[in-house]
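Asker: How does the following fold in three dimensions:
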Amino acid sequence: MAKLISLIALAGVILTSGCSGGGQHGDLHDFMAEVKKKPSGEVDPLPTFLSYKTFSYGAMAMRSPFEPPLTLATTDSVTGENKVQPPDENRKKEYLENYNFAAISMVGALSKDGHIWSLVNDGSGGIHRVTTGNYMGKNHGRIVSVTNSKIDVIEVVPDGKGEWVERPRTLALKEKD
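Answerer: This is a model prediction of the structure:
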(Lines give C-alpha, C1' and ligand atoms only; values in the text may rest on other atoms or scores of the structure.)
Protein backbone atom coordinates (compact mmCIF):
# COMPACT_ATOMS: atom_id res chain seq x y z
CA MET A 1 0.00 0.00 0.00
CA ALA A 2 2.91 2.31 0.78
CA LYS A 3 4.20 1.78 -2.74
CA LEU A 4 0.85 2.91 -4.16
CA ILE A 5 0.83 6.11 -2.11
CA SER A 6 4.41 6.96 -3.06
CA LEU A 7 3.60 6.27 -6.74
CA ILE A 8 0.59 8.66 -6.64
CA ALA A 9 2.68 11.33 -4.90
CA LEU A 10 5.43 11.01 -7.52
CA ALA A 11 2.90 11.34 -10.36
CA GLY A 12 1.45 14.47 -8.74
CA VAL A 13 4.88 16.10 -8.45
CA ILE A 14 5.68 15.32 -12.09
CA LEU A 15 2.36 16.77 -13.30
CA THR A 16 2.65 19.99 -11.30
CA SER A 17 6.24 20.60 -12.39
CA GLY A 18 5.13 20.30 -16.03
CA CYS A 19 2.64 23.16 -15.59
CA SER A 20 5.13 25.65 -14.17
CA GLY A 21 6.22 26.82 -17.62
CA GLY A 22 9.85 26.70 -16.61
CA GLY A 23 11.23 29.43 -18.95
CA GLN A 24 9.28 28.71 -22.10
CA HIS A 25 7.73 32.19 -21.98
CA GLY A 26 10.76 34.13 -20.88
CA ASP A 27 10.64 36.42 -23.92
CA LEU A 28 7.04 37.34 -23.08
CA HIS A 29 7.95 38.18 -19.49
CA ASP A 30 10.87 40.31 -20.73
CA PHE A 31 8.62 42.23 -23.14
CA MET A 32 6.03 42.89 -20.42
CA ALA A 33 8.73 44.16 -18.05
CA GLU A 34 10.09 46.47 -20.76
CA VAL A 35 6.64 47.91 -21.51
CA LYS A 36 6.00 48.54 -17.81
CA LYS A 37 9.30 50.50 -17.56
CA LYS A 38 8.17 53.02 -20.25
CA PRO A 39 6.34 56.14 -19.02
CA SER A 40 2.59 55.84 -19.26
CA GLY A 41 0.64 58.34 -21.41
CA GLU A 42 -2.25 60.53 -20.27
CA VAL A 43 -5.75 60.32 -21.60
CA ASP A 44 -7.12 63.62 -22.93
CA PRO A 45 -10.12 64.92 -20.97
CA LEU A 46 -13.56 64.66 -22.54
CA PRO A 47 -14.55 67.70 -24.59
CA THR A 48 -17.11 70.03 -23.09
CA PHE A 49 -20.40 70.28 -24.98
CA LEU A 50 -22.62 73.32 -25.12
CA SER A 51 -26.09 72.84 -23.69
CA TYR A 52 -28.96 72.39 -26.14
CA LYS A 53 -31.05 75.50 -26.67
CA THR A 54 -34.74 74.73 -27.13
CA PHE A 55 -36.79 76.35 -29.87
CA SER A 56 -40.37 77.37 -29.30
CA TYR A 57 -42.48 77.28 -32.44
CA GLY A 58 -44.80 80.26 -32.23
CA ALA A 59 -46.65 80.18 -35.54
CA MET A 60 -49.60 78.03 -34.48
CA ALA A 61 -51.99 80.98 -34.77
CA MET A 62 -50.79 81.84 -38.27
CA ARG A 63 -52.15 80.49 -41.54
CA SER A 64 -50.68 77.14 -42.54
CA PRO A 65 -48.34 77.43 -45.55
CA PHE A 66 -50.10 74.39 -47.03
CA GLU A 67 -53.50 76.10 -47.17
CA PRO A 68 -54.37 78.55 -49.93
CA PRO A 69 -54.38 82.19 -48.87
CA LEU A 70 -57.66 83.82 -48.00
CA THR A 71 -59.28 85.34 -51.07
CA LEU A 72 -61.52 88.25 -50.28
CA ALA A 73 -64.43 89.17 -52.46
CA THR A 74 -64.27 92.83 -53.33
CA THR A 75 -67.37 94.59 -52.11
CA ASP A 76 -68.51 98.13 -52.19
CA SER A 77 -68.11 99.19 -48.56
CA VAL A 78 -70.07 102.38 -49.20
CA THR A 79 -73.25 100.53 -50.16
CA GLY A 80 -72.70 97.80 -47.58
CA GLU A 81 -73.20 94.86 -49.94
CA ASN A 82 -72.15 91.44 -48.59
CA LYS A 83 -71.33 93.05 -45.26
CA VAL A 84 -70.80 90.55 -42.46
CA GLN A 85 -71.72 91.47 -38.92
CA PRO A 86 -68.78 91.40 -36.49
CA PRO A 87 -68.76 88.45 -34.10
CA ASP A 88 -70.50 88.88 -30.76
CA GLU A 89 -67.65 89.36 -28.29
CA ASN A 90 -70.09 89.15 -25.34
CA ARG A 91 -71.17 85.62 -26.25
CA LYS A 92 -69.89 82.96 -23.85
CA LYS A 93 -67.05 81.10 -25.58
CA GLU A 94 -67.36 77.36 -26.05
CA TYR A 95 -64.51 75.07 -25.03
CA LEU A 96 -63.30 74.26 -28.57
CA GLU A 97 -62.87 77.97 -29.33
CA ASN A 98 -59.66 77.84 -27.29
CA TYR A 99 -57.99 75.70 -30.00
CA ASN A 100 -56.76 76.54 -33.49
CA PHE A 101 -58.87 75.05 -36.25
CA ALA A 102 -55.80 73.28 -37.66
CA ALA A 103 -55.29 71.42 -34.36
CA ILE A 104 -58.84 70.04 -34.28
CA SER A 105 -59.65 66.79 -36.12
CA MET A 106 -62.84 64.84 -36.65
CA VAL A 107 -62.57 61.29 -35.30
CA GLY A 108 -66.12 59.95 -35.56
CA ALA A 109 -69.85 60.54 -35.62
CA LEU A 110 -72.87 59.49 -33.55
CA SER A 111 -76.49 59.44 -34.60
CA LYS A 112 -79.56 59.31 -32.37
CA ASP A 113 -83.16 59.94 -33.39
CA GLY A 114 -82.03 61.37 -36.73
CA HIS A 115 -79.72 63.90 -35.10
CA ILE A 116 -76.00 63.63 -35.94
CA TRP A 117 -73.25 64.49 -33.47
CA SER A 118 -69.62 64.63 -34.56
CA LEU A 119 -66.73 63.61 -32.33
CA VAL A 120 -63.68 65.86 -32.57
CA ASN A 121 -60.23 65.61 -31.03
CA ASP A 122 -59.00 68.94 -29.67
CA GLY A 123 -55.34 68.09 -30.40
CA SER A 124 -54.42 67.56 -26.76
CA GLY A 125 -56.19 64.21 -26.36
CA GLY A 126 -59.70 65.37 -25.45
CA ILE A 127 -62.69 64.09 -27.45
CA HIS A 128 -65.71 66.40 -27.69
CA ARG A 129 -69.22 66.05 -29.12
CA VAL A 130 -70.40 68.86 -31.44
CA THR A 131 -73.37 69.49 -33.70
CA THR A 132 -74.85 72.23 -35.85
CA GLY A 133 -74.77 75.58 -34.05
CA ASN A 134 -71.72 74.87 -31.89
CA TYR A 135 -68.55 76.93 -32.26
CA MET A 136 -64.94 75.79 -32.72
CA GLY A 137 -61.60 77.40 -33.56
CA LYS A 138 -60.19 80.76 -32.60
CA ASN A 139 -61.80 82.61 -35.54
CA HIS A 140 -65.42 82.45 -34.35
CA GLY A 141 -66.11 79.30 -36.39
CA ARG A 142 -69.80 78.33 -36.30
CA ILE A 143 -70.76 74.80 -37.37
CA VAL A 144 -73.37 75.03 -40.15
CA SER A 145 -73.72 71.35 -41.09
CA VAL A 146 -72.69 67.97 -39.74
CA THR A 147 -72.62 64.66 -41.62
CA ASN A 148 -71.12 61.25 -40.83
CA SER A 149 -67.95 62.17 -42.73
CA LYS A 150 -67.44 65.93 -42.41
CA ILE A 151 -68.19 69.14 -40.52
CA ASP A 152 -68.80 72.41 -42.39
CA VAL A 153 -67.79 75.55 -40.48
CA ILE A 154 -68.11 79.24 -41.31
CA GLU A 155 -65.41 81.39 -39.68
CA VAL A 156 -65.73 85.17 -39.31
CA VAL A 157 -62.34 86.81 -39.83
CA PRO A 158 -61.22 90.43 -40.26
CA ASP A 159 -60.40 91.49 -43.82
CA GLY A 160 -57.69 93.96 -42.81
CA LYS A 161 -59.77 96.99 -43.75
CA GLY A 162 -61.89 97.14 -40.62
CA GLU A 163 -64.60 94.85 -42.01
CA TRP A 164 -65.37 91.17 -41.39
CA VAL A 165 -65.68 88.36 -43.97
CA GLU A 166 -66.94 84.79 -43.76
CA ARG A 167 -64.52 81.99 -44.54
CA PRO A 168 -65.87 78.46 -45.12
CA ARG A 169 -63.85 75.58 -43.66
CA THR A 170 -64.41 71.83 -43.72
CA LEU A 171 -63.25 69.29 -41.20
CA ALA A 172 -63.25 65.81 -42.76
CA LEU A 173 -63.21 62.48 -40.93
CA LYS A 174 -59.68 61.13 -40.62
CA GLU A 175 -59.44 57.47 -41.50
CA LYS A 176 -56.88 55.19 -39.90
CA ASP A 177 -54.09 53.97 -42.15
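
Asker: name the helices or strands packed onto the longest helix seen in the chain?
Answerer: Ranked by residue count and defined by DSSP state H, the top helix of the chain is helix 2-18. Contact here means 3 or more CB pairs under 8 Å, 6 or more residues apart in numbering; DSSP states H and E; on that basis helix 2-18 packs against no helix or strand. From N, CA and C alone the C-beta is placed, and that goes for glycine too.

Asker: could you point out which element follows that helix?
Answerer: Using DSSP states H and E, the next helix or strand after helix 2-18 towards the C-terminus is helix 26-37.

Asker: hmm, back to that, how far off centre is the longest helix of the chain?
Answerer: With CA atoms, centre = their mean, to the nearest Å as the basis, helix 2-18 stands 75 Å off its chain's centre.

Asker: quick one: average confidence on it?
Answerer: The average pLDDT for helix 2-18 rounds to 74.

Asker: swap in stretch 117-137?
Answerer: If you average the pLDDT over stretch 117-137, you get 90.

Asker: pLDDT below threshold where in this protein?
Answerer: The chain contains residues with pLDDT under 70 at 16-23, 57-61, 70-82, 176-177.

Asker: again, only this time at 80
Answerer: 1-4, 6-7, 9-24, 41, 55-65, 67-83, 160, 174-177 (pLDDT under 80).

Asker: That one: strands as residue ranges?
Answerer: Using DSSP state E, the strands found in the chain span residues 105-112, 115-121, 127-130, 135-136, 141-146, 150-158, 164-172.
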